[in-house]
Structures are given as C-alpha cells and as structure tokens.
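**Q** Sequence and predicted structure below; questions after.
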Amino acid sequence: MRLAALCLLATFLTAPAFAATPVGTALPLHIGGRVVPVSDDDPAQGYRHQWPGTYFEARFRGTEVHLRLNDDVNRFNVYVDGQLVNTPSRPGEGDIVLGPFAPGEHTIRAEKLNESWGAAQFTGFFVSDPANVLPAPEALPREIEFIGDSYTVGYGNTSPTRDCPGGQVWATTDTQLAFGPVTAKHFNADYRINAISGRGVVRNYNGGDGLHLPQAYAYTVQPDMIDSADWRPQIIVIGLGTNDFSTPLHGGEVWTTRDELHSDYEQTYVQFVQTLRAENPQAFFLLMATDQANGEIQAEVRKVLTALRSDGESRIDFLPMNNLSFGACDWHLTTADDARVASGLIAWIDAHPDLWDHKKE
C-alpha cells in the first residue's frame, strides 16, 4: 500500500491532468493572506491576490477535486490531507484535476511560494457533485502578521549559491520556508506576509523607485484596492530598514546627509506603527533587524522602539537577527537562516505565551 501511494504521489507531481470540461460547484474557502473578490456577485469567480505567502484551504468529500487558476506568474504547492500532490508553476488558465483519492472526507490546501509583481486569480477548488461540498476549515484562533522586505519574502532562500542570474530568484524563492510561515505553523496560527523585496520605510534599495512599504501596505493588490478583511492578529512582526541603510546615499536623493535619512526613517516608522496600532488595538508589536550595515539598522530600529515607548506604546519589543550566513541569492537568508530566525521568534513567543490570550475583537 505504501509503495502504491508513493507511485500515485509521483504521478501527481510529474504529470498533472488538465480538465477538458470544468466542473461547477465551488468549495467554500478559508484564506490566509490579503485577497479581493473578482466579482462581488459571484463567489465562484474566486479572488485576486498579489502579496507573498497567500494560501487557500477547503474541504471536500469524494475521490477527485479540481483546482482552478488563472495565473501566469506564480508557483504553488498543493497538499491534500497534508501530503504534497501537485506543484503548479505559471499554470495559465484552466482546471487541474487532482485525484483519485481514497473515498471519504479530505482537506486541500494551496500555498503560494514566490513573490509576484502582478496580481493573479485563484478561482478556487471545485467538485462535480454538490453533495461532496463540505464547510471550509475554520479560521484559527491564533493570528500572526509579518511585515517586511526581501528577508520576510524568503527571496531566493532555497538557492545553494549567492549567484542567481535570470529567473533563478523567482524559481528559488519559497516564502512558505521563510521564517514567518515557519513560525506561524509551529504555533498552528493563521498568517499574513506583507512584504516586498527592495522596499524600505522611506528609502528603497539603492534609492530605487516605487512605493515604500508603509505606502504599499494599504493596498491588497497593486495600488488600486484597499483591504477591508476581518483580520486581528495577536502579534505583528516588522522587519524593515535593510533597504533604507544598506547602500550609500546618491546625489539627487531627498536626503543630503545620513542624519537626515535617520530622522526621516525614525519619524515615518513611528507613524507607521502608530497607524497599525489604531487598526490593531489587541496586537503586540515585535520589531526585528539584522546586524548588517555595521549595526546601523539595529541602532535605528532601537531608536524607533525608544520613541514609541516614550509616546506611550507599551506592547512592543525588539528582537535582533544576528549570526546569519546570507548564503542564498544576492546575499539573502538561506532556509537554514530562516530556521534560525524562526527558532529565535518561537523561543521569544514561548517566553510570552500570554500574547495569544488577546483575542480578536
């Protein structure tokens, strides 16, 4: 039986079947991450999504289920009852047939792996017989949010080398193996990953263009849709500053001195946390930073922490990210680094178990 199951799994992973005729009964979804409906009038049209780390779960009865996507930009791992059964990569539009499974009730979960610079559509999971529809998995009582840059994304974290030309960064990024999801799964918590590579609090990498992370945070997908979902995390982990300080200032930037950049960063970061606090009165904030840039990043984050505490913020702390190899793509965290950071986060949260007691309001 075990050999047969492994052979069947190998068939799923290497030769996905595409349905000639889509089936029509959508399964109710539990969604982790920020999404917007394609249509307010027709839930079967699914959702648009863009942020990394998004995942979709459903339950069904029977031996077959269809995964329907309209997606030319993402990679997914698809699990049934916790076992990996399919790995769609830029699948396009259509139904992927999954099965056959043993008769009975099953849980299916699709996890987005990569960072995408455009929105895609997750249409849903479908079954042919309405009698095989089961209620969606319930939202978990624990919720944790991660806000950051490429380190939080898991940029190129599965690469064995720092040199990643062409599309290797996209192919080797696995947000689900980054420290955020690893930490959340340890605590059996729902999670959101709100992170964009190269973005900072007031300055993007090397002075690059684009919205800064606090500006982009307001949007669910691209700069056109505002998030309104019911999300009340007990813990919000923020790791921002690497892109603000990892490169020297250039002529033409708005800051003429490093001190001016420091001041702008500190004020904007404080305002960002205060905005988040107004939206999340139940949350505890944990600020993180690496020891890169000769300690400049950690020093600045500690100044932000001090300023927030001086303004009356009490549910906040700082956790350093030290002694990492940065051996993945373009000197980013490896999965071993991610595991090290997650271990530190898990130990810190274990030492403060009461944080999970602050229920969603």
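**A** It's in. Residues are numbered from 1 along each chain as shown.
**Q** Please make it C-alpha for all contacts and neighbour counts, starting now.
**A** Fine.
**Q** List the buried residues for stretch 150-160?
**A** Applying a neighbour-count criterion of 16 or more other CA atoms under 10 Å, one finds 150, 151, 152, 153, 154, 155, 156, 157, 158, 159 buried in stretch 150-160.
**Q** Tell me the one of those nearest residue 282?
**A** Checking the buried residues of stretch 150-160 against residue 282 by CA to CA gives residue 152 as the nearest, at 22.6 Å.
**Q** Helix, strand, or coil at the closest one?
**A** Per DSSP: H, G, I helix; E, B strand; the rest coil, the local secondary structure of residue 152 is helix.
**Q** Can you list the residue ranges for helices in the stretch 201-350 of the chain?
**A** Assigned by DSSP state H, counting those that start in this stretch, the stretch 201-350 of the chain shows helices spanning 213-216, 242-245, 258-279, 296-310, 335-350.
**Q** Give the other helices and strands that the longest one contacts.
**A** If I follow you right, that is helix 258-279. Applying 3 or more CA pairs under 8 Å, 6 or more residues apart in numbering; DSSP states H and E, one finds that helix 258-279 contacts helix 296-310.
**Q** Contacts for the helix it packs on next, please.
**A** For helix 296-310, the external contacting residues (CA atoms under 8 Å, 6 or more residues apart in numbering) are 241-242, 245, 262, 266-267, 269-270, 287-291, 316-318, 320.
**Q** So residue 158: helix, strand or coil?
**A** If you use three-state DSSP, then residue 158 falls in the coil class.
**Q** And the nearest residue to it once chain neighbours are set aside, how far from residue 82?
**A** For residue 158, ignoring the flanking residues on the chain, the nearest one in space by CA to CA, 6 or more residues apart in numbering is residue 172 at 5.1 Å. Residue 172 sits 22 Å away from residue 82, going by CA to CA, to the nearest Å.
**Q** Kindly report the same for residue 70.
**A** 24 Å.
**Q** hang on, isn't residue 325 packed against residue 334?
**A** Yes: the criterion here is CA atoms under 8 Å, and residue 325 meets it with residue 334 at 7.4 Å.
**Q** How many residues are close by residue 312?
**A** Using other CA atoms under 10 Å, residue 312 has 8 other residues around it.
**Q** Then residue 287?
**A** Using other CA under 10 Å, residue 287 has 22 other residues around it.
**Q** do residue 65 as well
**A** Neighbours of residue 65 (other CA under 10 Å): 27.
**Q** likewise residue 81?
**A** 12.
**Q** what does the one 3 residues further on give?
**A** By the other CA under 10 Å criterion, the neighbourhood of residue 84 contains 17 residues.
**Q** quick one: which helix or strand includes it?
**A** strand 83-86 (DSSP states H and E).
**Q** quick one: stretch 288-307 to chain centroid distance?
**A** Relative to its parent chain, stretch 288-307 has a centroid offset of 23 Å by CA atoms, centre = their mean, to the nearest Å.
**Q** end to end, how far does it reach?
**A** Note: stretch 288-307 ends 16 Å apart using CA to CA.
**Q** same question for it, mean pLDDT?
**A** Stretch 288-307 comes out with an average pLDDT of 98.
**Q** could I get stretch 100-111 in PDB with only the CA atoms?
**A** Output in PDB follows, covering the C-alpha atoms of stretch 100-111 (Å, rounded to 0.1, in the frame of the first residue of the first chain):
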ATOM      1  CA  PRO A 100      -8.100   9.800  -7.400                       C
ATOM      2  CA  PHE A 101      -8.100   9.900  -3.600                       C
ATOM      3  CA  ALA A 102      -9.500   7.300  -1.200                       C
ATOM      4  CA  PRO A 103     -13.200   7.700  -0.600                       C
ATOM      5  CA  GLY A 104     -14.100   9.900   2.300                       C
ATOM      6  CA  GLU A 105     -13.500  13.500   3.600                       C
ATOM      7  CA  HIS A 106     -10.400  15.400   2.600                       C
ATOM      8  CA  THR A 107      -8.700  18.800   3.200                       C
ATOM      9  CA  ILE A 108      -6.900  20.600   0.400                       C
ATOM     10  CA  ARG A 109      -4.500  23.500   0.700                       C
ATOM     11  CA  ALA A 110      -2.700  25.500  -2.000                       C
ATOM     12  CA  GLU A 111       0.300  27.600  -0.800                       C
END
